[in-house]
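**Q** Got a predicted model here, sequence first, then my questions.
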Amino acid sequence: MYRHKSFTRLKIFFILIALIVVSGAYAAAPVPTVSIINPKPGTSTSPTIVSLSGADTFKAQVQVYDDLAITADSVKVGYYTGTTPDTGTFTFVTAKLNSNYNCGGTKCGIYDATMTGLAAGTNYYLYAKADSADGTGESRQERTGNDARYVYISVKAKKTGTGNLAPRDESSQLCSDCHNLKSHSSQTTDTGYKNWQTTCLECHIPHNTTNIFLIKNTIITPNSGSKAVVLWNTTGDGDNSYVDSTPPGGTPNGVCQVCHTQTTGNDTIRWRNTGNSDTHYTAAAGTKRCTVCHVHTGGFQPSCIGCHSIARGTRTAVVGEFGLAWGHHDNTVTNADCAVCHMEATSVADPSRSDSHAGVADGVIDLRDPDLGTAIASGASVFARDLSSNTLETFALSIQNNHCLKCHDGDGANYLGDGQKGADGSHTPANPFATGVAPVNVNVAFTTSNASFHPVKGVQNNAFCDVDTMEAPWNVPNGTHKQITCFDCHAAKDATGKQSRTVVAHGNAVTLRKPYDRVAQQATKLCVVCHKTTVYWTGASATGSAFETSATTSDTETHPNTAGTTSRHVVGETYFNGCIACHSSAGSNAAQPARPRAAEDTHGYNTLVGGGNWATITPATAGAPPYAFMRATNALTSWRPKAWPGQSAPTAGSCNGTTMCGRGESTYAYQPGGAY
C-alpha cells in the first residue's frame, strides 16, 4: 500500500491520541444534550432577574445537540414554583426551532419556548428536555443540588427590566450571537461521563471579574457546589493557571479543575478538584497551556491533530510524519482519519465525538480491527520488536495479523459500512482515508500456498535459508526456518536491536532498513540484512552463470547440501545489477519494476498483477507463477523452472529442475513453491 510521495500517497495505521480518559465506557447511544442558554444560570439565593414580554409571557431558549434528528415538538421547557423541584410538578411548554441560529450543523439547534401564565413577583425553577430515538436528554442530568440542576429566575413585570443594559437578560445566547463555539458537553467531547452539559455563563461573566478571559471568580460546579477560581496565567500546570498539581486532598482553584470529579488517566486521579496524581503532559514546569490540545472551538474536546502536532513528554509530533516521503497520508490528515485505525480517536461517522471508549482507560494504544471495527487483542502494553531475536513478540504479531494485513487485503477497511463512512460518506472500505486510493493487497502475497512467499503468515521450508546462508538471528537449522514480521524489513534506516515504535504507522523519510534500489555491482542491501553477505554478495566480478564452481576458497561458501563442493554466488558482475536482477519480474538489464510490482517480487507471489502475463518470459503463459523468487527467467539463459503450468516437459535450459544451476546436485531436484 505504501507509495512514494511523488505518487498518490496512501494512508493507514497508528496515531497516538492524548484524550482525557475515563474510568468506564458509556455503552448506550448518547441521548440528546440539552442546555438552557437563556436566561442565564441563577441560584436560589441569587436568582436571575427576567422581565415578562407580555402580561404573563416569557421566552426561554434551549440548545439541543443529538446524533439523530430531533423530531418535531420533542423539545420542551418546564417551569415550577415551589421549593422541591426534584419532586415538584413542572408545567411544560413546547419549543420551536429557531432557524436564525447555527450552533454546529444540522445536529445542533436553538429552540424558543414561549411560556405563558407566569406571574410577576414570583420565582421559578426551569429545566429543559428533548426526546429522540436514543432516549430523553435533560438539562439537569449528571448534576447535583438545585443550583446546579436548575435555572432559578425571579420574574418582573413587563417593561420593568432587569436593571442591566445588556439585552437578553445577559444570557448565554448573547454570547452565541457573536461567538460560534461548540459547548463543553458530552456530545462535543465524549459520553464517558454520561450525558452532561455546560453553558457559556456558567464559567464566564461579561463584567466584574479579576480573572483573565472573563472567567468568573466563583463557578457553580455540576456536582461540587460553588468553587473559587483564580486564572491569572496560562502556563498549563502552575499557580493560578488552568490546573495545578496540588496532590489529592488539596483545594485547586484552576478553572479546568474545579468541576472535575471523575477524570482519570492510567487509573490514577487526573486534574480533579481534589488534586492530581497523574503525570500528564502539563504536569511539569514550563508546560503548554491546556487549550493547546483542548481547544475552545471544539468544546475543549482534545483534538488528535492539534495535540499530536507537537512533541510533549514521551509523545512525538506524529502529524508531521504524514508529510514525509513515505506514509499513509499527506499533510491534510484529519481527526476522522485517525479513527480508521485508532479506537481512542473520534468517530469516523461523526468527528465531533467518540462513543466507544474501547480500551481508552487502559493507558495504551488500542488499534482497530479493520474488518470488525472493534479493538484488536494486543497482548502487550506497548509496541515492541527486537530485531536481534527470532522470537516474535505477541503485540507485533497481533498488529501485523489483526490490523495491518486485515486492511491490506482484498476488502480493505471492511468495517466502514453505511454507519461509518463519515459525514460526507467519503470513508469507505476501498477508500478508508478518502484519498481515492485503495489499500494494496499485501496479505495475498504472503499466502503460504503461493509459489513464493516470505514467512510472514507461516513458516517457510527453504533449504537456502539455514545456518550457513542466513545472518543472525535467522541462522537456524534447515527445516526450522522461523517466521518474520513486517517490522523486520520495515523499520528505520539501519535499525538494529529493540524497536519501540514502527515507522510504517504514520510515515517516515525511509521505511526500509536498507535500500532496495537496483544499482550495478552493488548489493540490494535490504536482502543481505537477513541473507548472509559472504554467501550472496561476494563482490567478485566474473563471467558465467549465477553460481560458478570454484577450486579456491576465496569468496566461496561451502553449502551443507553440496556434498563437499564449493561454490560462489557471482552477483558482483555488471550484467547482474544486484539481487533483484534475478529475483524480479523484470529482465536483467531492465529498470527496477514499479510499485506495487517491486513489493510483490519481495513479499511473495503466485500470479502477476491482475492475473496478466509475464511479458519477458517465454513462453508467456497467462497466470504463470514465479518459482522461488526466480522471476527474470527470460534473461537468465541457464535457468528454467521445472515446468510451466499446462506443460508436461521441462522448458529448455541447462538448469531444468533435475540439477541445481552449477551446484552439481544431481539428486537434489528442484520443486516449485519454495521447497527444495
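**A** Structure received.

**Q** can you count the residues close to the residue lying closest to residue 30 once chain neighbours are set aside?
**A** Leaving aside its sequence neighbours, residue 30 sits nearest to residue 191 (C-beta to C-beta, 6 or more residues apart in numbering; 4.5 Å). The C-beta positions use only the backbone N, C-alpha and C, and glycine is treated the same way. If you count neighbours by other C-beta atoms under 10 Å, residue 191 ends up with 24.

**Q** All the helices of the stretch 351-500 of the chain, residue numbers only.
**A** 394-399, 405-407, 486-489 (DSSP state H, counting those that start in this stretch).

**Q** buried stuff in the first one?
**A** If you call a residue buried by 16 or more other C-beta atoms under 10 Å, then helix 394-399 has these buried ones: 395, 396, 397, 398, 399.

**Q** CA atoms only: put that helix into CSV for me.
**A** Extracted in CSV, the C-alpha atoms of helix 394-399 (Å, rounded to 0.1, in the frame of the first residue of the first chain):
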residue,chain,number,x,y,z
THR,A,394,2.8,-11.1,20.8
PHE,A,395,2.0,-7.5,20.2
ALA,A,396,3.9,-7.2,17.0
LEU,A,397,2.2,-10.3,15.6
SER,A,398,-1.2,-9.0,16.7
ILE,A,399,-0.7,-5.7,15.0
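
**Q** Report the mean per-residue pLDDT for it.
**A** Summarised as a single mean, pLDDT over helix 394-399 is 90.

**Q** Stretch 422-442 now?
**A** The model assigns stretch 422-442 a mean pLDDT of 83.

**Q** Excluding residues flanking it in the chain, which one is nearest residue 297?
**A** That would be residue 181: by C-beta to C-beta, 6+ apart, it lies 5.9 Å from residue 297.

**Q** Wait, a helix at the one you found?
**A** No: with DSSP: H, G, I helix; E, B strand; the rest coil as the criterion, residue 181 is assigned coil and is not in a helix.

**Q** Counting neighbours, what do you get for it?
**A** 18.

**Q** same check, this time on residue 31
**A** Residue 31 - counted by other C-beta under 10 Å - has 25 other residues nearby.

**Q** Correct me if wrong: it contacts residue 129.
**A** No: assessed by C-beta atoms under 8 Å, residue 31 is found out of contact with residue 129, at 9.7 Å.

**Q** show me what contacts residue 71?
**A** 131, 132 (C-beta atoms under 8 Å, 6 or more residues apart in numbering).

**Q** cool, and the one 4 residues further on?
**A** In this structure, residue 75 makes contact with 34, 62, 64, 94, 95, 97, 111, 113, 128, 129, 130, judged by C-beta under 8 Å, 6+ apart.

**Q** Helices along the stretch 201-350 of the chain, start to end?
**A** 304-307, 335-338.

**Q** Of those, which stretch is the most buried?
**A** The highest average neighbour count among those, using mean count of other C-beta atoms under 10 Å, belongs to helix 335-338 at a mean of 25.

**Q** worst-scoring helix or strand of the chain, pLDDT-wise?
**A** Here the helix or strand of the chain ranked lowest by mean pLDDT, DSSP states H and E is strand 547-549, holding a mean of 37.

**Q** domains for this structure, by residue range?
**A** 33-174, 516-676 (automatic domain parsing).

**Q** Confidence-wise, which of these is weakest overall?
**A** Among these, domain 516-676 scores lowest, with a mean of 51.

**Q** Quick check: which ranges of the stretch 301-450 of the chain have low pLDDT?
**A** Flagging of the stretch 301-450 of the chain using pLDDT under 70 yields the residue ranges 313-314, 331, 346-347, 349-364, 378-381, 418-419, 423.

**Q** distance between the ends of stretch 117-136?
**A** One end of stretch 117-136 sits 26 Å from the other (C-alpha to C-alpha, to the nearest Å).

**Q** just stretch 412-424 next, same as before
**A** End-to-end distance (C-alpha to C-alpha), stretch 412-424: 19 Å.

**Q** One more: stretch 102-120?
**A** 32 Å.

**Q** before we move on, what about stretch 309-324?
**A** 14 Å.

**Q** Pretty sure the residue nearest to residue 30 sits against residue 33.
**A** No: using C-beta under 8 Å, residue 191 is not in contact with residue 33, being 9.2 Å away.

**Q** So which bits of stretch 189-196 are buried?
**A** Buried, per 16+ other C-beta under 10 Å, within stretch 189-196: 189, 190, 191, 192, 193, 195, 196.

**Q** now, which of those residues sits nearest residue 292?
**A** Of all these, residue 292 sits closest to residue 189, with 16.2 Å by C-beta to C-beta.
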